[in-house]
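**Student:** Sharing a model prediction with you, sequence too.
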Amino acid sequence: MKIKTAQILKNKANTVPILSFPSTQLLGIGIKELIGSSDMQAKGMAAIHQHCNIGASLNMMDLSVEAEAFGAKIHFADDEIPTVEECLIEEISEAEDIVVPKVGAGRTSLYIEGVKKAKELIKDVPVFCGVIGPYSLAGRLFDMSELMIECYESPDEVKVLLSKTKEFISQYIKAFKEAGADGVIMAEPAAGLLSPALAEEFSAPFVKEIFDEVNDEEFVICYHNCGNAVLSMADSIASLGADIYHFGNAIELKKIIPLMPEDSIVMGNVDPILFKDGTPEDIKNAVAMVYDDCAGYENFMISSGCDIPAAAKWENLDAYFEKVKELYSAKE
């Protein structure tokens, strides 16, 4: 286990939820202002670090950034995380004509700069960047449902598209590393929509190539998949070589922990929607339930099941951190 990974695991009370966009409430700004300014992104990360007992600081989990760099049309709103409004290609045969953009295209330069500035503000915990996975990016450049069909009908052309998404993501992570990022969280949620066989063919090998290209002893790699089929993909996922595996609340976390490498951390999986729609008591109960199920595993750390919504209530977030601290304090 890498030194930085071991340090995160050693301090389990310093939980690592996927928490970034609620920083808008701490800064008193909207989402558009946050994603449009590297200064605001860094300040948002620092604000969460100051307010919360976290074991690592995460930049914005914005899964539209890479698609925008390729040229996809993005929908922006002040109170919503950006989404892809119009795909880049209409037919899989067009994948051959896609030009892999240079890192810095679209908002990627802002996000890289945001991490660089966050490293200047945050000194005592690792700072992680966030990227989308290769199959999930392909599904934003080409219709997601059509992509699944083409995995059967035109597998070679799908792999042409995946080779291009893989190339860009790898270069993007390397740019984050040069900016000082201590690790990366790759979100590959669309792979959870595939059958185990398809995920092993069209997601896992491309993810692993990226991880192999960016991996070193100083850089922590986290793989996130919030699909409900990850249990059936466990062997493939475990072979990716990640330092941290992060799973969503669509599964019982206790079932997949023993299927992951013992020298990796497994994180999850409090329902992120509860942070917006629930009460502090709901959050505390959910935290306790996940903890009771999984605390027996030494490599388990509690986290949110996915990205916590921008509109999450801070009283619920505070309840989450309070309950985690209470549970681990009682164990000491």
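**Tutor:** Looks like it came in fine.

**Student:** For stretch 206-226, measure first residue to last.
**Tutor:** For stretch 206-226, the first and last residues are 18 Å from each other (Cα to Cα, to the nearest Å).

**Student:** Identify each buried residue in that stretch, please.
**Tutor:** Neighbour-count burial for stretch 206-226, with 16 or more other Cβ atoms under 10 Å as criterion, is recorded at 206-211, 214-215, 219-226. Quick note: C-beta positions are derived from backbone N, CA and C, even for glycine.

**Student:** repeat for stretch 297-308
**Tutor:** 299-308.

**Student:** Let's have these in CSV, adding pLDDT and secondary structure.
**Tutor:** Written out in CSV, the entries for those read as follows (pLDDT from 0 to 100; DSSP: H, G, I helix; E, B strand; the rest coil):
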residue, pLDDT, secondary structure
Asn299, 97, coil
Phe300, 98, strand
Met301, 97, strand
Ile302, 97, strand
Ser303, 97, strand
Ser304, 97, strand
Gly305, 95, coil
Cys306, 94, coil
Asp307, 95, coil
Ile308, 96, coil
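
**Student:** quick one: which of those residues is nearest to Tyr291?
**Tutor:** Ile302 (5.9 Å; Cβ to Cβ).

**Student:** so what's the closest one up against?
**Tutor:** With contacts taken as Cβ atoms under 8 Å, 6 or more residues apart in numbering, Ile302 has the following neighbours: 12, 15, 267-268, 270, 287, 290-291, 294, 324.

**Student:** Out of those residues, who's the most crowded?
**Tutor:** Within the contacts of Ile302, neighbour counts (other Cβ atoms under 10 Å) peak at Val270, which reaches 31 neighbours.

**Student:** Let me see the contact set for that residue.
**Tutor:** By Cβ under 8 Å, 6+ apart, Val270 lies in contact with 17, 249, 283, 286-287, 290, 302-305, 320.

**Student:** tally of neighbours for Asp156?
**Tutor:** There are 9 residues near Asp156, going by other Cβ under 10 Å.

**Student:** What strand or helix carries it?
**Tutor:** With the criterion set as DSSP states H and E, the secondary-structure element containing Asp156 is helix 155-178.

**Student:** picking up where we left off before, greatest separation within the contacts of Ile302: which pair is it?
**Tutor:** Once Cβ to Cβ is applied, the contacts of Ile302 give Lys12 and Val270 as the farthest pair, at 14.4 Å.

**Student:** Name the nearest residue to Gly133, sequence neighbours excluded.
**Tutor:** Nearest non-adjacent residue to Gly133, counting by Cβ to Cβ, 6 or more residues apart in numbering: Glu188, 2.8 Å away.

**Student:** right, and the one you found touches Ser136 too?
**Tutor:** Yes. Shown here, Glu188 and Ser136 form a contact pair, counting by Cβ atoms under 8 Å, at 5.3 Å.

**Student:** Do you have the helices of the stretch 1-150 of the chain handy? List them.
**Tutor:** 3-10, 23-27, 31-35, 38-51, 65-70, 108-121, 134-141, 144-153 (DSSP state H, counting those that start in this stretch).

**Student:** Single out the most deeply packed of these.
**Tutor:** Per-stretch averages of neighbours, counted by mean count of other Cβ atoms under 10 Å, single out helix 134-141 among those, with a mean of 27.

**Student:** before we move on, the earlier item: do you know which of the helices of the stretch 1-150 of the chain lies nearest Glu201?
**Tutor:** Checked against Cβ to Cβ, the stretch from the helices of the stretch 1-150 of the chain lying closest is helix 144-153, at 7.6 Å.

**Student:** Can you give the contact residues for the closest one?
**Tutor:** Residues from elsewhere that reach helix 144-153, judged by Cβ under 8 Å, 6+ apart: 92, 138-139, 142, 157-158, 190, 193-194, 198, 201-202.

**Student:** Same check on stretch 222-234?
**Tutor:** Stretch 222-234 has contacts (Cβ under 8 Å, 6+ apart) with 18, 128, 183-189, 191-196, 199-200, 204, 207, 211, 237, 240, 242-251, 255-256, 259-260, 267, 305-306.

**Student:** are any of those buried, and which?
**Tutor:** Applying a neighbour-count criterion of 16+ other Cβ under 10 Å, the buried members of these are 18, 128, 183-189, 191-194, 196, 199-200, 204, 207, 211, 237, 240, 242-251, 256, 260, 267, 305-306.
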